[in-house]
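Visitor: the sequence and its predicted three-dimensional model are supplied below.
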Amino acid sequence: MMTSLPHMIGNEIKRIRKQKKMTQKELCDGICSQAEISKIENGRNSPTIDLLQQIAKRLRVPLSLLFRDQLESDAFREADNHLSSLFREQKYLEMRQELSQSDATHHNEILLLRAYFTILLEVKTDKIDYRTASTLLSRLTDQEDIWYESPKMYIRIKMAISNLYAENEQYHLAERVYEELEQLPYDTEELKKQLIKIYYNHSQLLTFEKKYEAGLKITEKGLRYSLSLNDASFIAHFYYQRGYYHEVMQGDTSATRSDYTISYALFRAFHLETYEKIVLKGKERFLLFSF
């Protein structure tokens, strides 16, 4: 999903303000209210050109810089789609050739993306082990202001680290990554949706470890968060996950049947046929109805 222009402008204003170590109060003084600046930075308000000119002047940057994110997002999306496709299709030689080419036009987020894929490529082709890969990925997130400049890449890199730990049975380290991610400030709608994905992946990890009580708590957090944001991305999965926890912890209860039935109905409503079939095949005995 493309980020809206107000979100892009707001993110850029916040990034520059943080970079210049300014508070919202300092930025808005004599221009507008602090509440207005907060809404702009979070993408909830679309500022007028006149207001943007005043903000740019206070930040001491050209007005055009506040629109930079839109062009860079398009370039980032194109690079990400290309590299992700090569990685997914295991075209490692072609990918290595692509990553070896330097281009001075790449902006910071694309450079971060390329560094991220370079490390994943090295570990996939057995050039480095998972410990080295985890250390190198961690160094990427240790760079100053990465959370503010590219929070989605920050989250993506951290989850890749957790996956490496989990794949190598270092589950306590994998859990710690998710716990750290869940403590970060998710102050925009887009980032809040990223937190939903983090809750889901964390709950999956806990399921694998058979930490059912802890997993149930994370699943319920994710479900409540999804409902509060009216976000359907993982809601059916959360109901299925909660049904599973009720099943393994309590057996055939009304809660188990209710959650599995809701997940089945939602998978069907969202035309997620693969998941619908999984529920029908494995949990049909719990369903209150089926189509």
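Guide: Great, that's in hand.
Visitor: what number of residues lie near residue 221?
Guide: Using other CB atoms under 10 Å, residue 221 has 17 neighbouring residues. In short, each C-beta sits where N, CA and C put it, glycine included.
Visitor: contacting residues around it?
Guide: residue 199 (CB atoms under 8 Å, 6 or more residues apart in numbering).
Visitor: and it, helix, strand or coil?
Guide: Secondary structure state of residue 221, per DSSP: H, G, I helix; E, B strand; the rest coil, is helix.
Visitor: if I look at the residue nearest the centre of the chain, how far off is residue 229?
Guide: Against the mean C-alpha coordinate of the chain, by CA atoms, centre = their mean, the closest residue is residue 194 at 3.4 Å. Plainly put, residue 194 is 11 Å away from residue 229 if you go by CB to CB, to the nearest Å.
Visitor: what's the answer for residue 239, then?
Guide: Residue 239 is 16 Å from residue 229, by CB to CB.
Visitor: the two: which has the busier surroundings?
Guide: Neighbours per residue (other CB under 10 Å) separate residue 239 from residue 229, with residue 239 holding more: 24 against 15.
Visitor: helix, strand or coil: sort out the residue lying closest to the more buried one once chain neighbours are set aside for me.
Guide: In this structure, residue 239 finds its nearest non-sequential neighbour in residue 263, 3.9 Å apart by CB to CB, 6 or more residues apart in numbering. Following three-state DSSP, we place residue 263 in the helix state.
Visitor: residue 90 now?
Guide: Assignment for residue 90 (three-state DSSP): coil.
Visitor: next one: the strand or helix carrying residue 157 to chain centre, how far?
Guide: Per DSSP states H and E, residue 157 falls inside helix 151-167. For helix 151-167, the separation from the chain centroid amounts to 10 Å (computed by CA atoms, centre = their mean, to the nearest Å).
Visitor: return the set of buried residues in that helix.
Guide: Residues of helix 151-167 classed as buried: 151, 153-166 (neighbour count, 16 or more other CB atoms under 10 Å).
Visitor: same thing with stretch 22-42?
Guide: For stretch 22-42, by 16+ other CB under 10 Å, it's 24, 27-28, 32, 36-42.
Visitor: which ones are touching residue 128?
Guide: 119, 122, 136.
Visitor: just the pLDDT for it.
Guide: With respect to pLDDT, residue 128 scores 97.
Visitor: please tell me how far it sits from residue 120.
Guide: 10 Å.
Visitor: may I have stretch 279-287 exported as CSV, CA atoms only?
Guide: Provided in CSV are the C-alpha atoms of stretch 279-287 (Å, rounded to 0.1, in the frame of the first residue of the first chain):
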residue,chain,number,x,y,z
VAL,A,279,-9.2,-24.6,9.1
LEU,A,280,-11.7,-26.9,7.5
LYS,A,281,-9.2,-29.8,7.2
GLY,A,282,-7.7,-29.5,10.7
LYS,A,283,-10.3,-27.9,12.9
GLU,A,284,-13.7,-28.9,11.3
ARG,A,285,-14.8,-30.7,14.5
PHE,A,286,-14.7,-27.4,16.4
LEU,A,287,-16.6,-25.3,13.8
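Visitor: which residues are contacting that stretch?
Guide: Outside stretch 279-287, the residues touching it (CB under 8 Å, 6+ apart) are 240, 243, 247, 252, 256-257, 260-261, 263-264, 267, 290.
Visitor: check stretch 18-38 too.
Guide: Counting by CB under 8 Å, 6+ apart, 13, 17, 41, 45, 51, 54-55, 58-60, 145, 148 sit against stretch 18-38.
Visitor: which of these are buried?
Guide: Among those, those buried by neighbour count (16+ other CB under 10 Å) are 13, 17, 41, 45, 51, 54-55, 58-59, 148.
Visitor: dump the residues you listed into JSON lines; add distance to residue 86 as well.
Guide: JSON lines is the format used below for those (distance: CB to CB, whole Å):
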{"residue": "13", "distance to residue 86": "34"}
{"residue": "17", "distance to residue 86": "37"}
{"residue": "41", "distance to residue 86": "35"}
{"residue": "45", "distance to residue 86": "39"}
{"residue": "51", "distance to residue 86": "43"}
{"residue": "54", "distance to residue 86": "45"}
{"residue": "55", "distance to residue 86": "40"}
{"residue": "58", "distance to residue 86": "43"}
{"residue": "59", "distance to residue 86": "38"}
{"residue": "148", "distance to residue 86": "29"}
